[in-house]
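Asks: quick one, fold the following:
(chains A and B)
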2 protein chains.
Amino acid sequence: MEITLSVSGMTCGHCKSAVQDALKNLSGVTSVEVHLDSGKVDVVYDDALVSKEDMEEAIEEQGYDVVN
Amino acid sequence: MEITLSVSGMTCGHCKSAVQDALKNLSGVTSVEVHLDSGKVDVVYDDALVSKEDMEEAIEEQGYDVVN
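Replies: Predicted coordinates for the structure are as follows:
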């Protein structure tokens, strides 16, 4: 499965790494690409193992908001 | 001694931490306060142990510019 999340508040390379690492640490997430300029985050994942809600929670724990 | 440096490129809390930690790791630096909104960094230091140039180098190594 592939999803694109919209994340607000990412301003720099550290922010990018924080979101990337948080998502990659979720079991079931196989690939993460963060686009700082647009705030878009592309995630490839196995929906038997991880949900969109899990991803949103991981991102929000890092201090960023997921825009729906 | 006390100095205020102007640093450009710090956008978020991670940036603040990166600059703060880099300066605190210099021997002779006793206190660092980063103001994200203004880009000002207040440093208390012993000028027998560390110079303004050392601080600028430490900040630039983290990817930020010191404005003179």
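Asks: and the nearest residue to A:Tyr64 once chain neighbours are set aside, how far is that from B:Val32?
Replies: Among residues not flanking A:Tyr64 along the chain, A:Gly9 sits closest, at 4.4 Å (C-beta to C-beta, 6 or more residues apart in numbering or on different chains). C-betas here are computed from N, CA, C, even on glycine. Going from A:Gly9 to B:Val32 by C-beta to C-beta, to the nearest Å gives 24 Å.
Asks: compare those two (neighbour count), which wins?
Replies: Per other C-beta atoms under 10 Å in any protein chain shown, whichever of A:Gly9 and B:Val32 has more neighbours is B:Val32, with 20 against 15.
Asks: part of a strand, is that one?
Replies: Yes - applying DSSP: H, G, I helix; E, B strand; the rest coil, one finds B:Val32 inside a strand.
Asks: residues from chain A in reach of chain B?
Replies: When proximity is defined as C-beta under 8 Å from any C-beta of the partner chain, chain A approaches chain B at A:9, A:11-15, A:18, A:63.
Asks: that's all I had, so thanks and see you.
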